[in-house]
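In: quick one: sequence plus predicted model below, questions after.
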Amino acid sequence: MNRKHIFYTAIFAAGFSLTACNNEDKKPEVQTENVTKEPKIKEENISYTGDGISMNGFVAYDENKEGVRPAVIVIPEWWGLNDYPKHRAKQLAELGYIAIAIDMYGNGKTADNPDSAGKYATPFYQDPQMAKRRFDAALQKLKSYSQTDTGRIAAIGYCFGGAQVLNMARLGENLKGVVSFHGNLMGVPADKNTLKAAILICHGAADSFVPAKEVELFKKEMEKVGGNYTFKAYDSATHAFTNPDATEAGKKFKLPIAYNAAADSASWQDMKAFFGKIFQ
């Protein structure tokens, strides 16, 4: 074997050896995937006190979601804390929030007819500070949960509850925003020095309980104080348009209320977009 052949054989052997060593040092890459856990909604029936009375509440949140998350308070229709606001709280939990549906009347009291509902609801229109005290009691209870991001809290309300969340905003509650679904629009006079929350109004364009004059007055009021508000009106939607039980109740009690699936879906999507902005 001549010298040139020996030289190239040695070079090849050394290169092969180095490549083999490098291959031994390299560990096979492990393919990892981000596993998203399915929501596991925790539901709690709770009690808390405030304004000298005992109140019930319903809390919902995703147990599989780690860390704090924005929180939402749900104020029911004038029927009180029945299954409907609890359902909405669960939907909010599925979106990643912690939610509490609250008992404004106290002791879990609910109404099954307009006469009782009106009797229970009227004092809160007459005495907004009473409503605020009971709202604050629920707010403090919500803040006691480790899942609650206390700097990112909003409130939503339906009919009577819609009017109440607007009053809470006007009274200066430290909320990121409020959403009124088919609620009355006039209440405590707005003050630019106290109004902090952004406002979303989800209104039925055919709502005879909230006539066009009231809509106009509300808009003028918000513009006068520089309120951060968005007004959405849904064609053909009457009062209580988000509640699937509204049509039957309307027929039973001869009230101009009815469920409107399109408006219900559209208003929920508008709420989600609104939360996406205020909770950034």
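Out: Received, thanks.

In: for the stretch 51-200 of the chain, just list every one of the strands.
Out: According to DSSP state E, counting those that start in this stretch, the stretch 51-200 of the chain carries its strands in the segments 53-62, 69-75, 98-102, 148-158, 177-181, 198-204.

In: so which of those strands is nearest Gly108?
Out: strand 53-62 (4.1 Å; C-beta to C-beta). The way it works is simple: take the backbone N, C-alpha and C, and place the C-beta from them, glycine included.

In: residues contacting Ala71?
Out: 97-100, 142-143, 145, 147-150, 152-154 (C-beta atoms under 8 Å, 6 or more residues apart in numbering).

In: in a markdown table: those residues, plus distance to Ala263.
Out: Below are the contacts of Ala71 laid out as a markdown table (distance: C-beta to C-beta, whole Å):
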| residue | distance to Ala263 |
| --- | --- |
| Tyr97 | 22 |
| Ile98 | 27 |
| Ala99 | 22 |
| Ile100 | 25 |
| Leu142 | 28 |
| Lys143 | 33 |
| Tyr145 | 32 |
| Gln147 | 31 |
| Thr148 | 30 |
| Asp149 | 30 |
| Thr150 | 33 |
| Arg152 | 27 |
| Ile153 | 26 |
| Ala154 | 21 |
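
In: now render those as JSON lines, adding pLDDT.
Out: What follows is the contacts of Ala71, written out as JSON lines (pLDDT from 0 to 100):
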{"residue": "Tyr97", "pLDDT": "98"}
{"residue": "Ile98", "pLDDT": "98"}
{"residue": "Ala99", "pLDDT": "98"}
{"residue": "Ile100", "pLDDT": "98"}
{"residue": "Leu142", "pLDDT": "98"}
{"residue": "Lys143", "pLDDT": "98"}
{"residue": "Tyr145", "pLDDT": "98"}
{"residue": "Gln147", "pLDDT": "98"}
{"residue": "Thr148", "pLDDT": "98"}
{"residue": "Asp149", "pLDDT": "98"}
{"residue": "Thr150", "pLDDT": "98"}
{"residue": "Arg152", "pLDDT": "98"}
{"residue": "Ile153", "pLDDT": "98"}
{"residue": "Ala154", "pLDDT": "98"}
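
In: and those, which is closest to Met271?
Out: Checking these against Met271 by C-beta to C-beta gives Ala154 as the nearest, at 9.3 Å.

In: not counting its neighbours along the chain, what's nearest Phe218?
Out: Nearest residue to Phe218, sequence neighbours excluded (C-beta to C-beta, 6 or more residues apart in numbering): Leu185, at 3.9 Å.

In: just name the shakiest helix or strand of the protein by mean pLDDT.
Out: helix 3-25 (a mean of 39; mean pLDDT, DSSP states H and E).

In: and the angle for the helix or strand just after that one with strand 98-102?
Out: Remark: after helix 3-25, the chain's next helix or strand is strand 41-50, criterion DSSP states H and E. Put simply, strand 41-50 runs at 50 degrees to strand 98-102, going by axes from the mean of the first three to the mean of the last three C-alpha atoms, to 10 degrees.

In: who does strand 41-50 touch, helix- and strand-wise?
Out: Strand 41-50 is packed against strand 53-62, helix 83-94, helix 128-143, with contacts defined by 3 or more C-beta pairs under 8 Å, 6 or more residues apart in numbering; DSSP states H and E.

In: want to throw those into CSV with mean neighbour count and distance to Gly177?
Out: Putting the helices and strands packed on strand 41-50 into CSV (neighbours: other C-beta atoms under 10 Å; distance: least, C-beta to C-beta, whole Å) gives the following:
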stretch, mean neighbour count, distance to Gly177
strand 53-62, 21, 19
helix 83-94, 20, 13
helix 128-143, 19, 14
